[in-house]
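Novice: Here is a sequence with its predicted model. Questions after.
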Amino acid sequence: MAPGLPPAMDRPHFIGIGGAGMSGIAKILAQRGAKVAGSDAKDSPVTEALRALGATVHLGHDASHLAEDASSVVVSSAIREDNPELVRAAELGIPVVHRSDALAALMTGLRPLAVAGTHGKTTTTSMLAVALTTLGLDPSYAIGGDLDLPGSNARHGEGEIFVAEADESDRSFHKYAPEVAVVLNVELDHHANYASLDEIYESFETFADRVVPGGTLVVCADHAGARELTRRLSGVRVVTYGEAEDADVRVLSVVPQGLTSEVTAVLDGQEHVFAVSVPGRHYALNAVAALAAGAALGVPAAGLATALGSYTGVKRRLQLKGEAGGVQVIDSYAHHPTEMAADLEAMRAAAGDGRILVVFQPHLFSRTQELGTEMGQALALADASLVLDIYPAREDPIPGVTSALITEAARAAGAEVTALPAKDGVPEAVAGMAKPGDLVLTMGAGDVTDLGPLILDRLAK
């Protein structure tokens, strides 16, 4: 067995190896010397990157893809029990490992820093990964999205720090034992797994209780849900950050500068001024969370603040896809009303005299059923919106739940909104609306991201 490999991870088989969380773990195992294999529904840049690291990637799901000598089968919560490779694993007696257990095993013996929260996890984890790498600390990291730099969602580093995005959606973040944990915010989401906000609080309490003795919990002082969490905790050292006057790490100002911001924050009596290459207060606060978390691990704050300026963004987190005909097209992963509002407010600061036009694709029937009204209200922050059909992902339809819940709420909030069920009509519709100086935002967690290049092509004509 190669050094640094957890038990049963020398010949792992990943079902759904191309997924954001799964591919990261597979990459790290391959970089540590494991013989990695897996399957995915389709080829992608991610599966190509895995093959370049020596992994065997099969297309489609078939029992024959699972090697009989596989040491384990790794699954995520998205894999259904009737998956033929999972059925075959049971027949062969191969142990099945959940993605979160595999990630927890990779952190053993290192100094884990885990970032949790309903929104902002990917950005904050990425900021830390890039800044710590810039400082020469060579961290390992596993992130739920692809960085612009270093061009990957995961990496095995030789340093002692392991930065991980901690996912609350299926309670998998209960598996980690971080030295430093970050909670950016606590809100109701993931309605298939949580019945109430109280259940969400209990889940985050369990995560906070997993911080190792002598460790630190970093929490946003500006967020009511995060503050409520700290009220429920005892026995863990808490460091707060934010614009609130009583924050331990206090944000003094966020000055917009086009698609970037300049942030001033005070930590341990020292003032730090640094650039954040993504617009908006929301992302500035993520950067200060990263600053507070790194400092809690003992990384000198002055160097860390400067290094945070080397973060250039994550794919789909207000990512500029291009400009044509004087119109900028930007891609946003926002799919929860809080994220939608934060991204639209950030864009408003960047748009100047231009208008903000949104192409929104709701994500999941369950989320639309619970939060469709709030999604519609968030779209009132745009100048005009096109709303597509719901992207189902892993879900079956729910009777009566359609995009109309969002468009009706948007109109009631005074928004200019048009229902456009099919994606293929979007480039033409946007071209008919957009004028030079406008910003077009493709928004949602589904395949709406594919529309950016098509819109740019149409605008160029």
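Specialist: Perfect, thanks for sending it.

Novice: Test my guess that Val96 contacts Val73.
Specialist: Yes. Here Val96 reaches Val73: they are 5.0 Å apart, a contact under C-beta atoms under 8 Å. From N, CA and C alone the C-beta is placed, and that goes for glycine too.

Novice: which residues are common contacts for those two?
Specialist: Common contacts of Val96 and Val73 (C-beta atoms under 8 Å, 6 or more residues apart in numbering): 86, 89.

Novice: Between these two, point out the one with more neighbours.
Specialist: Between Val96 and Val73, counted using other C-beta atoms under 10 Å, the more crowded position is Val73 (25 against 15).

Novice: Look up which residues are beta-bridged to that one.
Specialist: Counting by DSSP bridges, Val73 forms beta bridges with His13, Val96.

Novice: pLDDT weak spots in this structure?
Specialist: Across the chain, the ranges flagged by pLDDT under 70 are 1-3, 145-151, 188-195, 313-317.

Novice: all helices of the protein, in order?
Specialist: Secondary structure of the chain (DSSP state H): helices at 20-31, 45-52, 84-92, 99-107, 121-134, 197-209, 224-231, 281-296, 301-308, 337-351, 365-379, 404-412, 426-433, 451-460.

Novice: Which one of the ones you listed lies nearest to Val251?
Specialist: helix 281-296 (5.4 Å; C-beta to C-beta).

Novice: got the angle between the closest one and helix 121-134?
Specialist: 50 degrees (axes from the mean of the first three to the mean of the last three C-alpha atoms, to 10 degrees).

Novice: Show me what counts as buried in stretch 278-293.
Specialist: The neighbour-count check on stretch 278-293 (16 or more other C-beta atoms under 10 Å) flags 278-293 as buried.

Novice: closest to Lys27 among the residues you listed?
Specialist: Comparing those against Lys27 with C-beta to C-beta places Ala290 closest, at 21.9 Å.

Novice: and the buried residues of stretch 278-293, which two are the farthest apart?
Specialist: Pro279 and Ala293 (22.0 Å).

Novice: So in terms of bridging, what pairs with Val251?
Specialist: Under the criterion used (DSSP bridges), Val251 bridges to Ala265.

Novice: Which residues are in contact with Val359?
Specialist: Here Val359 is in contact with 385-386, 388, 426, 430, 440-443, 448, 451, 455 (C-beta under 8 Å, 6+ apart).

Novice: nearest to Asp40, of those residues?
Specialist: Lowest distance from Asp40 to the contacts of Val359 (C-beta to C-beta) belongs to Val448, with 20.8 Å.

Novice: separation between the closest residue to the closest one other than its chain neighbours and Ile406?
Specialist: Nearest non-adjacent residue to Val448, counting by C-beta to C-beta, 6 or more residues apart in numbering: Gln361, 3.7 Å away. Relative to Ile406, Gln361 is positioned 10 Å away (C-beta to C-beta, to the nearest Å).

Novice: what's the answer for Ser172, then?
Specialist: Taken as C-beta to C-beta, the span from Ser172 to Ile406 is 29 Å.

Novice: Quick one: end-to-end length of stretch 126-142, please.
Specialist: For stretch 126-142, the first and last residues are 9 Å from each other (C-alpha to C-alpha, to the nearest Å).

Novice: What of stretch 79-87?
Specialist: Using C-alpha to C-alpha, the two ends of stretch 79-87 sit 11 Å apart.

Novice: And for stretch 242-249?
Specialist: 7 Å.

Novice: Ser172 and Ile406 - which one has more neighbours?
Specialist: Each of Ser172 and Ile406 has its neighbours counted (other C-beta under 10 Å); Ile406 has more, 29 against 20.

Novice: so the more buried one touches Val387, yeah?
Specialist: Yes. Because the distance of 5.6 Å satisfies C-beta under 8 Å, Ile406 is recorded as touching Val387.

Novice: shared neighbours, the two?
Specialist: 360, 362, 379.

Novice: Of those residues, which is the nearest to Gly54?
Specialist: Pro362 (39.0 Å).

Novice: can you tell me which residues contact the closest one?
Specialist: Listed by C-beta under 8 Å, 6+ apart, the contact partners of Pro362 are 335, 368, 372, 375, 387-391, 403, 406, 444.

Novice: Can I get the residues you listed in TSV including distance to Val329?
Specialist: Listed next are those as TSV, based on distance: C-beta to C-beta, whole Å:
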residue	distance to Val329
His335	18
Thr368	25
Gly372	26
Met375	21
Val387	18
Leu388	16
Asp389	21
Ile390	23
Tyr391	19
Ser403	22
Ile406	22
Gly444	14
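
Novice: Buried among those? Need that as a selection in PyMOL.
Specialist: Buried residues within the contacts of Pro362, by 16+ other C-beta under 10 Å, are selected in PyMOL with:
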select buried, resi 335+368+372+375+387+388+390+391+403+406+444
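
Novice: Just the closest of the contacts of Pro362 to Gly325, please.
Specialist: The closest of those, once distances to Gly325 are taken by C-beta to C-beta, is Leu388, at 22.6 Å.

Novice: Just the terminal-to-terminal distance for stretch 109-124.
Specialist: 23 Å.

Novice: chain center to that stretch, what's the gap?
Specialist: Counting by C-alpha atoms, centre = their mean, to the nearest Å, stretch 109-124 is centred 10 Å from the centre of its parent chain.
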